[in-house]
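> Okay, predicted coordinates and the sequence, questions at the end:
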Amino acid sequence: MSKTLVTGAAGMVGHALRQLNPDDAVFTNRGEVDLTDFAATRAYFQAVKPDRVVHLAALTGGLGSQIIHSGEYFRNNILINLNTLEAARLAGAKKLISFMSTCVFPDPAEYPLTEAQLHAGPPHPSNFGYAYAKRMLDVQSSAYRKEWGCHFIVTIPTNIYGPNDDFSLNGGHVIPSLIHRACLAKKNGEDLTVWGSGKPLREFILSDDVARLTLRALDEYDEDEPIIFSPGEEISIRELVEIVVDTMKFPNKVIWDTDKPDGQFRKPSDNSKIRRCFPDFKFTPLREGLAKTVAWFEENYPNVRQ
Ligand code: GDP
């Protein structure tokens, strides 16, 4: 039996992996080991001796915080990744998967985003420190593969949503923020205010799908180049809001606040690699994933991350 260590396990994908109940898995989080500290990280990996590592831990944050603290995001993420991959190598881990996000791609990029474009230009200035630190996961994995034959792979998921997300009212991502705000507006008999024009397009992936793909990639994917995790279907924010409102049986009006930012208009990604590698993989339809997320939120509110 192989032992799998999951770092950053307190987040949304960590919870989804727990539900899949992988054999002999160890779930850890920042309270247990400080991955910015190499001595502590090395000692922890030597004690656990994982065969496989799912490296989810990262310092993440919204746009506002990223602009002000680009040095913090760079330093912490570089240390977390450098230490984790090195400790995994020294402890003899046979496979490791780490996570980036589509926001680390060059800006402007060529659409659809492909794995090959990752280093083709600087990232958007708003997340400069975070993006460069994350890109180094790919560089470190590749260099370790070349010198030490490490089977370290990297994935790039598109916008993830699902149970156990951060449901902050204003600082969170669109799906959890909307679910939370719609719940409060319904309770108070108010209208629901949504940011922007509703025109931007996004690709959403359910955390359960990310977790299932992660375990498959650990078993079956071993290429030097990253792999994008995306259902490959864009949906407009307007259509998304319609589904959320419908799922929650929201009875009042939706107001579009065009003073709030739309963000990037679209950032479609090419999911042909995933279709080639896992042709039988079935993504959860958005409506079904949203129903699951709303049900989880309603069951757990107010004990949700926010
Ligand atoms: P990102 O733009 O891909 O990083 O993801 P977000 O989840 O932050 O936002 C996606 C889109 O949803 C943007 O066009 C936002 O303008 C729109 N949006 C609408 N309402 C909200 C909201 O309450 N919160 C956020 N974050 N975005 C919203």
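Sure, I can see it. Residues are numbered from 1 along each chain as shown.

> Which element, helix or strand, includes Leu82?
Using DSSP states H and E, Leu82 sits in helix 70-90.

> Just checking: what are the partner strands of the helix or strand following that helix?
Using DSSP H and E, the next helix or strand after helix 70-90 towards the C-terminus is strand 95-99. Applying DSSP bridges to the sheet, strand 95-99 is found paired with strand 52-55 (parallel), strand 151-157 (parallel).

> which bits of the stretch 201-306 of the chain sit near the ligand?
Proximity of the stretch 201-306 of the chain to the ligand, by C-beta under 6 Å from any ligand atom, involves residues Arg202, Ile237, Pro261, Asp262, Gly263. From N, CA and C alone the C-beta is placed, and that goes for glycine too.

> What residues sit buried inside the helix holding Leu82?
For helix 70-90, a neighbour-count test (16 or more other C-beta atoms under 10 Å) marks 70, 73-74, 76-89 as buried.

> Kindly report the same for stretch 109-127.
Ala109, Pro112, Leu113, Thr114, Glu115, Leu118, Pro123, His124, Asn127.

> Could you check how far the lowest-mean-pLDDT helix or strand in the chain is from the centre of its chain?
Least confident element among the helices and strands of the chain, by mean pLDDT, DSSP states H and E: helix 63-68 (a mean of 86). With C-alpha atoms, centre = their mean, to the nearest Å as the basis, helix 63-68 stands 18 Å off its chain's centre.

> Indicate the residue of the stretch 1-150 of the chain located nearest to the ligand.
Using C-beta to the nearest ligand atom, the closest approach of the stretch 1-150 of the chain to the ligand is made by Cys103 at 6.2 Å.

> For that residue, which residues are in contact?
If you count contacts by C-beta atoms under 8 Å, 6 or more residues apart in numbering, Cys103 has them with Pro123, His124, Asn127, Tyr130, Ala131.

> again, only using 6 Å
Counting by C-beta atoms under 6 Å, 6 or more residues apart in numbering, Cys103 makes contact with Asn127.

> any idea how far Ile227 is from the ligand?
From Ile227 across to the ligand, the span is 20 Å (C-beta to the nearest ligand atom, to the nearest Å).

> and the residue of the stretch 1-150 of the chain closest to the ligand, what pLDDT?
Note for Cys103: predicted pLDDT of 92.

> Distance check, it against Ala109.
Going from Cys103 to Ala109 by C-beta to C-beta, to the nearest Å gives 11 Å.

> which stretches of this structure form strands?
Using DSSP state E, the strands of the chain run over 4-7, 25-27, 52-55, 95-99, 151-157, 159-161, 192-195, 201-202, 204-206, 227-229, 235-236, 254-257.
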